[in-house]
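[1] turn this into a structure:
(one chain, ligands or ions: 4)
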Amino acid sequence: MRVRITKCHACGGMKQLPSPTAYVYCDFCGALADWDFACACSAGNALPGPAYEALARQMAPAMNQAKLYRDTASLKGLYTQLFARHIELCPSSYSPRIRSPDYRARYLDYYSDMMIVRDLDPRVAELSQLLNLRIAELRHAHFLGSGGMAFSFFGMVIASQPMSTQFPDAQFWAVYQTFREQYRAHMSGMWQAGVIAKYPDPATPELLERIGVSAFVQGWLSWISPAMQQHLIDDAKLRDSYMEISPPALLLRRCGRCGTRVDAVTGAWCVVCFSCGEKLDVKQAEITCPGCGAPSSLVEGAQSHVCPYCGVRAERVRGALG
Ligand SMILES: [Zn+2]
Ligand SMILES: [Zn+2]
Ligand SMILES: [Zn+2]
Ligand SMILES: [Zn+2]
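    Ligands and ions are numbered 1, 2, ... in the order given. As a prediction, the model looks like this:
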């Protein structure tokens with residue numbers, strides 16, 4: 001079995017099971033432990049479609065107004081509404097935990113604050129402007145390099161000529177360096193504003209930065225030379241490494257929220273259910289439903305739940321544990 005070489009920052013556990021998504025969760029404690037770039041690339045980029053674009057257009061004047069007046073309360077409301085729609089339309093762009101309503105609410109709180117820092121932090125705004133300038137320079141260099149034909153006008157024609165679809169290395173690298181600088185400033189602004197701490201998974205700032213940089217790299221990868229692609233992946237610390245291991249012993253658990261079968265490795269105490277996004281307490285024994293008799297695991301922190309199979313309330317029996 002091929003698994004990603006990942007050591008959890010929270011509990012030190014090594015990854016034991018293949019990750020179904022780019023968001024790599026610890027098999028022992030359920031923390032967000034790593035990011036799988038290859039998995040993110042093969043999943044592709046889901047587009048939210050015209051309904052989302054229409055909403056974004058419709059909200060743009062109010063958003064610009066709120067930015068102008070530094071009205072964070074209004075900005076927060078607008079971003080929350082916009083991204084809630086985005087999550088609804090392309091949930092696959094997010095952590096599988098986004099299916100949990102509690103996780104989703106916390107993620108929206110984090111993400112809207114992240115955008116407010118991007119919009120209102122003067123250092124980030126300054127670097128965003130510089131980034132746009134670098135991108136303009138890259139386009140200009142490309143325009144000259146491809147014999148004076150603007151690729152954006154004749155995209156279909158030029159795309160059939162392999163050389164012309166590549167941006168020159170030096171100018172691309174300048175764009176990347178400026179993006180990294182802008183993103184570092186963004187992360188540091190988020191840190192100062194207490195936004196990083198709102199991320200709904202246990203994660204490190206380094207990991208959150210790597211996930212953000214990954215989106216940039218994915219977007220540009222098909223527009224740069226093969227040598228630059230490799231250089232970029234290494235610099236962004238997105239090189240994936242895996243190892244072959246024999247399948248670990250598994251304990252069958254059933255999710256107390258959705259009823260799905262969940263595999264827990266030996267020694268695990270908290271695992272993510274990839275069907276409903278909840279984190280399950282697998283340290284304690286499953287509880288037996290008084291209605292249908294089916295066993296299932298409680299969501300982390302819960303003492304009772306509504307049986308996912310028959311709808312009867314089931315509680316952990318106290319006393320047996322002391
Ligand atoms: Zn862990
Ligand atoms: Zn081109
Ligand atoms: Zn579930
Ligand atoms: Zn039941």
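
[2] number of nearby residues for the closest residue to ligand 2 within the stretch 1-150 of the chain?
    The minimum distance from the stretch 1-150 of the chain to ligand 2, using C-beta to the ion, falls at residue 142 (5.7 Å). In short, each C-beta sits where N, CA and C put it, glycine included. A count of nearby residues for residue 142, using other C-beta atoms under 10 Å, gives 21.

[3] same deal with residue 110?
    Neighbouring residues of residue 110 were enumerated by other C-beta under 10 Å; the total is 18.

[4] that one reaches residue 195, doesn't it?
    Yes. The pair residue 110 and residue 195 qualifies as a contact (C-beta atoms under 8 Å) at a distance of 6.5 Å.

[5] buried ones in stretch 277-287?
    Along stretch 277-287, these residues count as buried under the neighbour rule (16 or more other C-beta atoms under 10 Å): 277, 278, 279, 280, 281, 282, 286, 287.

[6] what's across from the residue nearest to the fourth one when sequence neighbours are not counted in the sheet?
    The spatially closest residue to residue 280, leaving aside those adjacent along the chain, is residue 297, at 4.4 Å (C-beta to C-beta, 6 or more residues apart in numbering). Residue 297 has the following beta-bridge partners by DSSP bridges: residue 255.

[7] residue 297 contacts residue 254, doesn't it?
    Yes. A contact is recorded between residue 297 and residue 254 when judged using C-beta under 8 Å, the distance being 6.3 Å.

[8] surely residue 263 is within a strand?
    Yes. Counting by DSSP: H, G, I helix; E, B strand; the rest coil, residue 263 is located in a strand.

[9] give me the pLDDT value at the closest residue to it other than its chain neighbours.
    By the measure of C-beta to C-beta, 6+ apart, the closest residue to residue 263 outside its immediate chain neighbours is residue 250, 4.4 Å from it. Note for residue 250: predicted pLDDT of 96.

[10] just residue 147 next, same as before
    49.

[11] what about the residue of the stretch 1-150 of the chain closest to ligand 2, helix or strand, and which?
    According to DSSP states H and E, residue 142 maps onto helix 122-145.

[12] which of the helices or strands spans residue 229?
    With elements taken from DSSP H and E, the one containing residue 229 is helix 226-235.

[13] now that helix: mean pLDDT?
    pLDDT averaged over helix 226-235 equals 96, rounded to a whole number.

[14] could you point out which element follows it?
    Downstream of helix 226-235, the first helix or strand assigned by DSSP H and E is strand 242-244.

[15] one step back: out of residue 297 and residue 254, which sits in the more crowded spot?
    Regarding residue 297 and residue 254, a neighbour count based on other C-beta under 10 Å identifies residue 297 as having more, with 25 against 18.

[16] look up how far residue 201 lies from the more buried one.
    19 Å (C-beta to C-beta, to the nearest Å).
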